[in-house]
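A.B. asks: Structure for the following, please:
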Amino acid sequence: MTTDQSDFCSRLVARLASEDLQPQTVGVNQFGNEAPLLTVRRLMEECHGAVVLGLAQLHVTTGVSKPGTHGERQVRSLWLPTPWNQLEAGMAFALNLPLLILHEERVEPDGVFDPKISDRFVHQTDLSPAWFETAAFNQPFEQWVTEVISR
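C.D. replies: You can find the predicted model right below:
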């Protein structure tokens, strides 16, 4: 992670802790002896909610989307999150967990981060400390916390 991403994650964890919620993250504070996908599923089955955080992980400077099809198009400066975000969101949805979806502004709004696809609002962040003080974060966050606690 970049310094800004790492700082953002620390602030998010602190905000969760302020609500007495304990983030469980595979490879950070949860480890398994099975394949990673099984570890994620086992962990999600024990959780009461999920946060999917799309941070820019891959920068495609130039490329072609859907090559060889009628939808082929050139792309430039495309930022993508980890593919694990899609798996995690799908598992959380299948388990009917309250879901909070956040992504860095520069991340491509595709898959779970496409606001037209999800059953949840997709929240964009600039990763700034000030974002945690906005109603755009706090109102949906508090609603999500209420859903999590009710489980």
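
A.B. asks: Could you list the low-pLDDT ranges of the chain?
C.D. replies: Along the chain, segments meeting pLDDT under 70 span 27, 30.

A.B. asks: is it true that F8 lies in a helix?
C.D. replies: Yes: counting by DSSP: H, G, I helix; E, B strand; the rest coil, F8 is part of a helix.

A.B. asks: So the closest residue to it other than its chain neighbours: helix, strand or coil?
C.D. replies: If you skip the residues right next to it in sequence, F8 has L127 as its closest partner in space, 4.4 Å away by CB to CB, 6 or more residues apart in numbering. Bear in mind the C-beta positions are built from the backbone N, C-alpha and C, glycine included. Of the three states, L127 takes coil under three-state DSSP.

A.B. asks: who's in contact with L127?
C.D. replies: With contact taken as CB atoms under 8 Å, 6 or more residues apart in numbering, L127 is in contact with 4-5, 7-8, 104.

A.B. asks: ok, now A135?
C.D. replies: For A135, no residue counts as a contact, taking CB under 8 Å, 6+ apart as the criterion.

A.B. asks: which residues are contacting stretch 137-144?
C.D. replies: Contacts of stretch 137-144 with the rest of the structure, by CB under 8 Å, 6+ apart, involve 15, 49, 98-100, 121, 123, 125, 131-132.

A.B. asks: buried subset of those residues?
C.D. replies: Neighbour counting by 16 or more other CB atoms under 10 Å classes 49, 98-100, 123, 125, 131 among these as buried.

A.B. asks: Format those residues as CSV; extra columns: distance to F113.
C.D. replies: Formatted as CSV, the entries for these read as follows, by distance: CB to CB, whole Å:
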residue, distance to F113
G49, 18
P98, 18
L99, 12
L100, 13
H123, 10
T125, 12
W131, 16
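
A.B. asks: so where do the helices sit in this protein?
C.D. replies: Counting by DSSP state H, the chain has helices at residues 3-18, 36-46, 84-94, 135-150.

A.B. asks: among the ones you listed, which is nearest E72?
C.D. replies: helix 84-94 (22.3 Å; CB to CB).

A.B. asks: could you say what helices and strands that closest one packs with?
C.D. replies: On a contact count with 3 or more CB pairs under 8 Å, 6 or more residues apart in numbering; DSSP states H and E, helix 84-94 meets helix 36-46, strand 50-54, strand 99-104.
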